[in-house]
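Peer 1: sequence plus predicted model, see below.
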Amino acid sequence: MVARKLTEKLKEKLGFIKDEKLKEEVVKEIEGNKKTPQPATKDKKDEIEIDIGGLKRIEKRSVNFIKKRWPLLLIITIILLGFYIRIVGFHYPYLRNIDSYYFYRYMNFVVKDGHIPAIDPYMTAPEGLPTSGLRRLYIYLGAYSYMFTRLFKPDLQLWRFLIYFPALLASLAAIPMYYIGKSLMDRKAGVIAAFLFIFNPFNMTRTLGGDPDSDCIVLLMTLVPIALFLATQKTLKNGWHKNSIIYSLLTGIGLALFAHTWSGSWYVPWLFAGFVFIKIVIDLVHTKNLSRTMQTAKPLLFSFLTIVLVFFLLTVPFFGIRYPIGIVRGPFCASQYKSEAHIRFPNVWVSIAEMTAPDGSGILQKMSTVALRLNPYMFILSVTSLLYLGLSFFKKGKHKDTFILLFIWFIGSLAASIFAVRFIVLLSTPVVIAASILIAKLFRVAIGEDKEILD
Amino acid sequence: MIKMDDKKIAQLILWLVSVVYLYFKLSIPSKIGVLPFKYLFLFFCAVSILLIFKFSSKLDKNISYALTGTFSLVLLVFPVTRPISCLLIAFLLIKISSFISKKISYILVFVFHFLFLIFATIPPTHLSTRIILFLVLFCSIVYSFIYNKPLSFSTNNILVVFLIFFFLFVFVSPNLVSAHQLAMYSPTILTDNWWDALNWIKNNTANCSVIATYWDPGHFITAIAERGAVYDGGCQNSKAHFNASLIDMNSKAFDDLTMYELSDGQIIRSRMKDMATVLYTDDEEKAIDILKLYKGNCSEMYFIASSDLVGKSQWWSYFATWSPNTGKGVKSFYYPIRLSMTNKAQDNSTNYVYSLENNQAFVVNEKNISGVLSYTPYLKQGPAFAKVGKIVYFSGNHMFLKPIKDAEVPGMIWMDPSKQIIYVIPEEIENSMFTRMYFFNGAGLSHFQLVNNWGGEVKLFKVKFD
């Protein structure tokens, strides 16, 4: 039916052909083709019959779902695969690491007694160790997660649960990492960053199944406040309003939770402060008018102050009034960790392998060692990415926030890594994000989504 | 001529990055060498290639081909840049043969790579290099595909598929493989010997017992053995506080003024310095007096001498000798040296040679004198031989310590029963408490009684204060 109607329409339109021979040929051609579409019509009829069954609709919906939700599907795949790979090789009758047993013992206190004792009876024998300054979030999270899981599997032992728990936490870092990549570039960068972060061998070695050291939660909790901070920055584009207040509060809470997880968390407030400061300075250079700059920066400053306020409200009651001073002094104290001058007793930090400086005599050689340990390929990509972001920002005024944040993050953690190899784990995050941004950008240009590299 | 717009540059960078990445991922690390030299060189190569392509649009065809060809040959010299060189040659082949037929150009690329593959399979080329060459072949075909066809909508779609494939293959696969290998083969720090030892302590010692040793196994002791540890990984720098009125200040623990501080009737001591001193000192009484401070109210105390402390001697000796005046200590090392070769001397005795660098070696001469084996250790420097102070060797189930007369080199050689390894022990730690506990199983010590030994890895001593 459809084919016949088409032929008739075409015949009507053929009126403009004056050459009769040509007209005849065209008509013949159309007539000849008339038979060919017949089976197609029949097929279409069949298809319609199938569609009645709903399969076609399901297929269409599935395709639409995949088109819209492909990052979600990929992130779920990354989490599941990241979890599986971390636990697949574990076949030991005990936990992996020395510090694993520290957290095991404290979680066991909570499981058995419901709380952590005020004095640890075994550490620093025979006196025992006061536990007042302890970061408890991870311990309670682990213990309560275990007790919850035990509801479904009563014979599950704590140490066996701790084979899976760190692997799960580390894999969940894919979620905030995706949001960071997405905020700084696009969804592709988010997925790539999540993948590279979860399967980065350097991160893998620290977050394997059966090693419930704090690294797994540190990796996760570092990303949470940063993802929230980026979300806050997005809301600030429309000024200081309800959403920006909510996100600023959430960022402050995220930051406080991180502080309750790890004592080395002081560098994230510094990162935020550096971001705000540099952003204002750049605006000032651009406008050359202090009052105008401050007027524009008001939402940014309000947001930052809200974050800081919430952060201190949730940390000072637990860690004391000197905690904010500790954060301010953080970078300066870090450089004194290994000092042996003017002290009464030896400083053990000089002997801790993780606290030793990377091999090499000069800064360049040390940087090379850091790159080699981290992943040289990824390191080069991230440096190139920073160059790209810098060029894009200075030449076209694009990727301002991305460039500022990644630049501070990268330089800060690189400086820390040159000081002690332990901090390479901090560097791995900005390196992965920067590399992902470059890869995503190349994809965009290669497939024609962007016309120029500096777009 | 090729027009290099951003799209093509991006494609090319992706392709280059993929090849280089694969090369690094699959090559033997030692081949790559030390950063930053070779990586920078490689980066330079990639940039140079881009420039060549860029200039080729402005240069005469033949000149650009000649330039590319010369550069390819230069890159062919270095193993690390050979894949790039391959691709450049492939590019040239395609360009030169494109006026004949595109199909022929693909065949040429294939033949070229096939030949290179045969070349690469000749030993001792590593398997990964061969894999790389297959991948280079694949990259070349994709590359020629990109450059020989105009980018229509459909081509673009295919290109996207290729790019996704590249991403999956270049990033996903190697990362997953290395992650999987890490998970499968990463060993635990805790070993069966330690596990057994800690469980033995848990089941066979008084609940109030304190276990003293260096800080590393502290968390194992507190969590698995469920006993008090003097210090651990969470408080290596922590100080011990004692009530001065309850302590015997005349004990040897207070001989050295740098080892304690008196403040408000409290004695403050460094746990690290104390434990390091117990390991380092050759004075058993001093070791006991220090340990006495940490035993608390319990009647039992134990000390662990474990194999990991051999390698960590540089640090416990450093902390034991650390002085607040200089802010430094002196490191002492045990040198384990593996047997390199055995040879027969003219007098029919046997020489066990343990080689060092720079034409140096320790040689242990074994002589059979009327059925009794006698050992003499030497330090060989070039053609010169110098006798070493002492040697410890095993015969049957017995350990013998033999001082060497007229020795020119101080120190001691501890020869493993299998003779496969010796430990060269410098003079300053040959009588240290650790040497006597770990290497001599506590022989000659009156306050340290060997309780159990787990595979030579963990040796537990009961500390007797009486």
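Peer 2: Yep, it's here.
Peer 1: can you tell me the helix or strand for A:Leu73?
Peer 2: Using DSSP states H and E, the element containing A:Leu73 is helix A:55-88.
Peer 1: packing partners for the helix or strand that that helix is followed by?
Peer 2: With elements assigned by DSSP H and E, the helix or strand that comes after helix A:55-88 is helix A:98-113. Applying 3 or more CB pairs under 8 Å, 6 or more residues apart in numbering or on different chains; DSSP states H and E, one finds that helix A:98-113 makes contact with helix A:137-152, helix A:158-172, helix B:218-220. C-beta here means a position set from N, CA and C on the backbone, and glycine is covered the same way.
Peer 1: what does helix A:98-113 contact?
Peer 2: A:95, A:115-117, A:122, A:134, A:138-140, A:142-144, A:146-147, A:158-159, A:162, A:210-214, B:189-190, B:216-220, B:222-224, B:232-234 (CB atoms under 8 Å, 6 or more residues apart in numbering or on different chains).
Peer 1: any low-confidence regions in the chain?
Peer 2: This is for chain A. The model of chain A has pLDDT under 70 over residues A:1-59, A:62-63, A:335, A:446-447, A:455.
Peer 1: to clarify, I was referring to chain B.
Peer 2: Chain B contains residues with pLDDT under 70 at B:1-174.
Peer 1: partners of the residue of the stretch 351-466 of chain B found nearest chain A in the sheet?
Peer 2: Residue of the stretch 351-466 of chain B nearest chain A, by CB to the nearest CB: B:Val463 (13.2 Å). With DSSP bridges as the criterion, B:Val463 is bridged to B:Phe448.
Peer 1: can you pull the contacts of it?
Peer 2: B:Val463 makes contacts with B:Ala212, B:Ile288, B:Leu291, B:Lys295, B:Met301, B:Tyr302, B:Phe303, B:His447, B:Phe448, as judged by CB under 8 Å, 6+ apart.
Peer 1: mind listing which of these are in strands?
Peer 2: B:Ala212, B:Met301, B:Tyr302, B:Phe303, B:Phe448 (DSSP state E).
Peer 1: tell me, how many residues neighbour the first one?
Peer 2: Under the neighbour criterion other CB atoms under 10 Å in any protein chain shown, B:Ala212 is assigned a count of 26.
Peer 1: kindly report the same for the last one.
Peer 2: Residue crowding around B:Phe448 was assessed by other CB under 10 Å; the count is 24.
Peer 1: how close does it sit to B:Thr435?
Peer 2: Between B:Phe448 and B:Thr435 the computed distance is 12 Å (CB to CB, to the nearest Å).
Peer 1: before we move on, back to that, just the buried residues of the helix holding A:Leu73, please?
Peer 2: Along helix A:55-88, these residues count as buried under the neighbour rule (16 or more other CB atoms under 10 Å in any protein chain shown): A:Pro71, A:Leu74, A:Ile75, A:Ile78, A:Ile79, A:Leu81, A:Gly82, A:Phe83, A:Ile85, A:Arg86, A:Ile87.
Peer 1: just to revisit the earlier point, from the contacts of helix A:98-113, keep the buried residues only.
Peer 2: By neighbour count, with 16+ other CB under 10 Å, the contacts of helix A:98-113 hold A:95, A:116, A:122, A:138-139, A:142-143, A:146, A:158-159, A:162, A:210-214, B:189-190, B:216-220, B:222-224, B:232-234 as buried.
Peer 1: phi, psi of B:Ala229?
Peer 2: phi -120, psi 140 (degrees, to the nearest 10).
Peer 1: which residues does it contact?
Peer 2: Neighbouring residues of B:Ala229 by CB under 8 Å, 6+ apart: A:Tyr122, A:Met123, A:Ala125, B:Val210, B:Ile211, B:Ala212, B:Thr213, B:Pro217, B:Gly218, B:His219, B:Ile221, B:Thr222.
Peer 1: closest one to B:Ile201 out of these, please.
Peer 2: Set against B:Ile201, the nearest of the contacts of B:Ala229 by CB to CB is B:Ile211 (6.7 Å).
Peer 1: ok, the closest one - how many residues close by?
Peer 2: Residues near B:Ile211, counting by other CB under 10 Å, number 27.
Peer 1: that one reaches B:Ile201, doesn't it?
Peer 2: Yes. Applying CB atoms under 8 Å, one finds B:Ile211 in contact with B:Ile201, separated by 6.7 Å.
Peer 1: what's the overlap in contacts for the two?
Peer 2: What both B:Ile211 and B:Ile201 touch, as defined by CB under 8 Å, 6+ apart, is the set B:Ile221, B:Ala225, B:Arg227, B:Tyr302.
Peer 1: residues near B:Tyr393, how many?
Peer 2: By other CB under 10 Å, the residues close to B:Tyr393 number 22.
Peer 1: for A:Gly326, same thing?
Peer 2: If you count neighbours by other CB under 10 Å, A:Gly326 ends up with 13.
Peer 1: next one: B:Lys292
Peer 2: B:Lys292 has 17 neighbouring residues, counting by other CB under 10 Å.
Peer 1: just want the most central residue of chain A.
Peer 2: A:Met177 (1.3 Å; CA atoms, centre = their mean).
Peer 1: using the three-state scheme, assign that residue.
Peer 2: Classification of A:Met177 by DSSP: H, G, I helix; E, B strand; the rest coil places it in helix.
Peer 1: show me what contacts it?
Peer 2: A:Met177 sits next to A:Gly190, A:Ala193, A:Ala194, A:Phe197, A:Ile198, A:Leu223, A:Ala227, A:Val432, A:Ile433 when contact means CB under 8 Å, 6+ apart.
Peer 1: can you rerun that using 6 Å?
Peer 2: Neighbouring residues of A:Met177 by CB atoms under 6 Å, 6 or more residues apart in numbering or on different chains: A:Ala193, A:Ala194, A:Phe197, A:Leu223.
Peer 1: which ones among those residues come in contact with chain B?
Peer 2: With CB under 6 Å from any CB of the partner chain as the criterion, these include none near chain B.
Peer 1: from those, which ones fall inside strands?
Peer 2: The members of these all map outside strands under DSSP E.
Peer 1: let's have these in TSV, adding distance to A:Arg373 and neighbour count.
Peer 2: What follows is these, written out as TSV (distance: CB to CB, whole Å; neighbours: other CB atoms under 10 Å in any protein chain shown):
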residue	distance to A:Arg373	neighbour count
A:Ala193	20	29
A:Ala194	22	30
A:Phe197	16	27
A:Leu223	21	27
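Peer 1: in terms of distance to chain B, which of those residues ranks first?
Peer 2: Checking the contacts of A:Met177 against chain B with CB to the nearest CB, the nearest one is A:Phe197 at 10.3 Å.
Peer 1: looking at it, that closest one is touching A:Val432, isn't it?
Peer 2: Yes. With contact defined as CB atoms under 6 Å, A:Phe197 reaches A:Val432; the gap is 4.7 Å.
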